[in-house]
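Got a predicted model here, sequence first, then my questions.
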Amino acid sequence: MASQEQPGRCYDAIVVGAGIQGACAAEQLAKRGKKTLLLDQFPLPHPRGSSHGHSRIIRSAYPEDHYVAMMAEAFRLWTELEAETGTKLYRPTTVLILGRRENPEFQSYGQAMERHGIPREMLSPEALAQRFPGIHLRGGEMAIADHTAGVLYADKALQAVQDQFRRHGGTVRDGEKVLSVIPGAVVTVITSLGEHRAKSLVVTAGAWAGPLLAPLGLHLPLQPLRISVCYWRAKQLDSPGEMPCFLGINLDGNPHHIYGLPAGEYPGLVKICYHHGTPVDPDAPDQLSQVSPPAVPDVRILQAFVRKYLPGLDSEPAVQERCLYTNTPDKDFVIDRHPHFRNIVIGAGFSGHGFKFAPVVGRILCQLCLGEEPSYNLAPFRISRFAGPPKASL
Ligand SMILES: Cc1cc2nc3c(=O)[nH]c(=O)nc-3n(C[C@H](O)[C@H](O)[C@H](O)COP(=O)(O)OP(=O)(O)OC[C@H]3O[C@@H](n4cnc5c(N)ncnc54)[C@H](O)[C@@H]3O)c2cc1C
């Protein structure tokens with residue numbers, strides 16, 4: 001059914017994309033009394049973007065100060081949302097950062113945590129084996145335990161934010177795809193079902209952000225990646241014991257991280273993923289074009305990791321699913337205004353680690369939308385950084 005807005009009706013803001021970043025931005029705007037429309041191309045909830053699934057790791061441990069600083073507020077805002085909605089969204093669980101003692105990135109996790117006063121504990125392979133017998137480190141490898149960390153219940157969190165948005169008077173229209181955007185003092189959004197107008201626009205379109213922004217003259221280096229989400233069973237029913245979350249930093253010479261967490265979606269299984277994937281078209285994630293690079297051998301890399309570091313698990317994944325990342329070259333987010341159309345605000349490129357920050361990202365997007373000074377230094381997230389050479393990938 002075509003939907004033409006009532007003549008003259010103009011929202012304060014339209015948010016394109018009802019994943020966790022768009023939902024949080026919309027909720028902040030509605031909470032501030034702004035008449036806000038949240039659009040998604042698919043009927044909600046859906047598993048075709050990046051925000052579905054049962055669980056995400058939340059942690060203070062990061063090698064960069066800007067992320068550690070944002071996490072303090074993120075923990076507080078998640079707790080507030082739990083209280084406001086009466087929904088449990090989070091379970092505290094230790095996160096272990098695993099790496100070689102001399103690895104500079106591994107060291108920077110500990111150093112950044114120290115600078116920010118985050119409680120942490122260094123564990124040798126022997127101390128770790130006593131605490132978590134399922135994880136086997138070797139000589140020269142260490143663990144940093146982040147005891148502030150845990151598992152966020154992703155599906156419930158997304159639902160809770162969308163519900164809060166509606167409670168604050170926001171309008172959700174799902175199954176309505178934005179086809180084009182006409183910039184101006186009032187932005188017009190043409191959709192598959194009609195058109196809408198607003199004083200400002202927030203684009204949080206995940207893996208689809210690139211093609212939506214290109215006609216607005218903005219060619220961001222955003223790469224959608226298909227990620228294999230693998231669930232692993234213990235060889236014996238009573239092993240591997242209590243499983244914490246973990247993040248392996250370049251262990252075994254792997255250029256990308258490997259992370260794992262107890263799987264709420266499949267009780268008893270452990271979810272383990274390679275923090276990198278194969279470039280895909282988000283509308284056809286199972287098809288690889290002939291010009292695309294060969295698929296990343298992620299499952300084989302995970303199997304080798306499991307055999308070496310988690311020998312209590314069967315080295316054949318019991319379940320495999322997929323999810324999308326949208327990576328920037330430096331893995332830092334894009335949180336900025338459009339360089340020419342200042343009432344168009346962009347939240348994109350969350351590079352497989354954005355869920356935990358979403359309430360803070362939502363607040364910043366709302367501030368940018370309302371022309372306010374953002375509460376963080378946004379230098380690491382600016383679009384202008386892509387003008388120079390990309391910084392080395394972490
Ligand atoms: C396997 C996996 C594990 C992860 N683990 C972690 C973790 O442990 N911790 C962590 O912090 N983060 C993690 N992440 C990353 C985190 O989930 C993402 O950064 C986050 O979900 C990105 O949210 P988003 O709102 O940007 O994108 P999405 O959730 O993809 O939302 C974008 C939305 O925009 C809609 N859309 C796009 N184009 C249009 C259009 N033209 N019109 C209307 N709607 C449109 C889409 O339908 C979609 O719903 C993980 C991600 C994956 C895939």
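Done, it's in.

helices and strands around the helix or strand encompassing Q107, which ones?
In this structure, Q107 is located in helix 104-115 according to DSSP states H and E. Identification of packing neighbours for helix 104-115 by 3 or more C-beta pairs under 8 Å, 6 or more residues apart in numbering; DSSP states H and E yields helix 65-85, strand 95-100, strand 120-123, strand 141-146. C-beta coordinates here come from the backbone N, C-alpha and C atoms, glycine included.

Burial check on whichever residue of the stretch 151-300 of the chain sits closest to the ligand, number of neighbours?
Relative to the ligand, the nearest point of the stretch 151-300 of the chain is G206 (2.6 Å; C-beta to the nearest ligand atom). Applying other C-beta atoms under 10 Å, we find 27 residues neighbouring G206.

I'd guessed it sits against G17; true?
Yes: counting by C-beta atoms under 8 Å, G17 is a contact partner of G206 at 5.9 Å.

sorry, back to before: for the residue of the stretch 151-300 of the chain closest to the ligand, which residues are in contact?
17, 19, 21, 49-51, 282, 324, 326, 348, 350 (C-beta atoms under 8 Å, 6 or more residues apart in numbering).

in the chain, which spans are helices?
20-31, 65-85, 104-115, 125-131, 154-167, 209-213, 298-309, 358-369 (DSSP state H).

Would you mind pulling the contact partners of the fourth one?
This means helix 125-131. Counting by C-beta under 8 Å, 6+ apart, 96, 123, 135-139, 141-143 sit against helix 125-131.

Kindly report the residues of the stretch 201-350 of the chain close to the ligand.
204-208, 212, 227, 229, 273, 323-325, 350 (C-beta under 6 Å from any ligand atom).

Produce a PyMOL select command limited to the buried residues of these.
Restricted to buried positions by 16 or more other C-beta atoms under 10 Å, the PyMOL selection for these reads:
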select buried, resi 204+205+206+207+208+212+227+229+273+323+324+325+350
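
how about the residues of the stretch 201-350 of the chain next to the ligand, which pair is most distant?
L212 and C273 (26.8 Å; C-beta to C-beta).

In space, not sequence, find me the middle residue of this structure.
G354 (2.7 Å; C-alpha atoms, centre = their mean).

mind listing what it touches?
Neighbour list for G354: 20-21, 50, 333, 361 [criterion: C-beta under 8 Å, 6+ apart].

where's the nearest residue to T188 once chain neighbours are set aside relative to I190, distance?
Of all residues not flanking T188 in the chain, I182 sits nearest, at 4.1 Å (C-beta to C-beta, 6 or more residues apart in numbering). Distance, I182 to I190, using C-beta to C-beta, to the nearest Å: 7 Å.

mind listing what G169 touches?
Counting by C-beta under 8 Å, 6+ apart, the residues that G169 touches are 30, 35.
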